[in-house]
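S.K.: Structural data only, the sequence is not supplied:
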């Protein structure tokens, strides 16, 4: 049986509200992820300890999209902190047996990164994404405020 009330092009307040809430939640999540990444990078950059690791093996992953393909390289490294040995993976491609500098978390030595992953470029990129996310959040709120005035 058909409902006697049919949609005739009028906006639905519930639909608008759900759209706003969904976009708002997504943008809050986006900004949270970006902030988490920035804090993690800054923490490693400022508080991480340097040690020498040995490259054990390298692998690569290739992804394809509409613009072509790209390859990301990862290197398994071995290093020792306070007499305990760790084997972890970092980004980048390094020749097997090569000694390289890595950063590890003093509170959790099993967490290690390539120092170039927490360089100034990474920090600037994170700040740009955060500004974009905050800008989109502001745009969404102002758009909804203006939309409601119609």
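M.R.: In hand now; what should we look at? This one's a predicted model, so the numbers in the text were calculated from it and none came from an experiment.
S.K.: Please enumerate the helices of the chain.
M.R.: If DSSP state H is used as the criterion, the helices of the chain fall at 13-47, 120-148.
S.K.: Kindly spell out which helices and strands sit in contact with the longest strand seen in the chain.
M.R.: If you go by DSSP state E, the chain has its longest strand at strand 49-65. Applying 3 or more Cβ pairs under 8 Å, 6 or more residues apart in numbering; DSSP states H and E, one finds that strand 49-65 contacts strand 68-81, strand 99-104. C-betas here are computed from N, CA, C, even on glycine.
S.K.: quick revisit: redo the helices of the chain as JSON lines? Include distance to residue 85, mean neighbour count and mean pLDDT.
M.R.: What follows is the helices of the chain, written out as JSON lines (distance: least, Cβ to Cβ, whole Å; neighbours: other Cβ atoms under 10 Å; pLDDT from 0 to 100):
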{"stretch": "helix 13-47", "distance to residue 85": "21", "mean neighbour count": "14", "mean pLDDT": "86"}
{"stretch": "helix 120-148", "distance to residue 85": "28", "mean neighbour count": "13", "mean pLDDT": "84"}
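S.K.: Make TSV out of the ones you listed and add distance to residue 113.
M.R.: Converted to TSV, the helices of the chain look like this (distance: least, Cβ to Cβ, whole Å):
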stretch	distance to residue 113
helix 13-47	6
helix 120-148	10
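S.K.: Quick one: closest of the ones you listed to residue 84.
M.R.: For the helices of the chain, proximity to residue 84 was assessed by Cβ to Cβ; helix 13-47 is nearest, at 19.3 Å.
S.K.: so that closest one versus strand 99-104, what angle?
M.R.: Angle, helix 13-47 to strand 99-104, by axes from the mean of the first three to the mean of the last three Cα atoms, to 10 degrees: 130 degrees.
S.K.: tell me the angle helix 13-47 makes with helix 120-148.
M.R.: Interaxial angle, helix 13-47 versus helix 120-148 (the same axes, to 10 degrees): 160 degrees.
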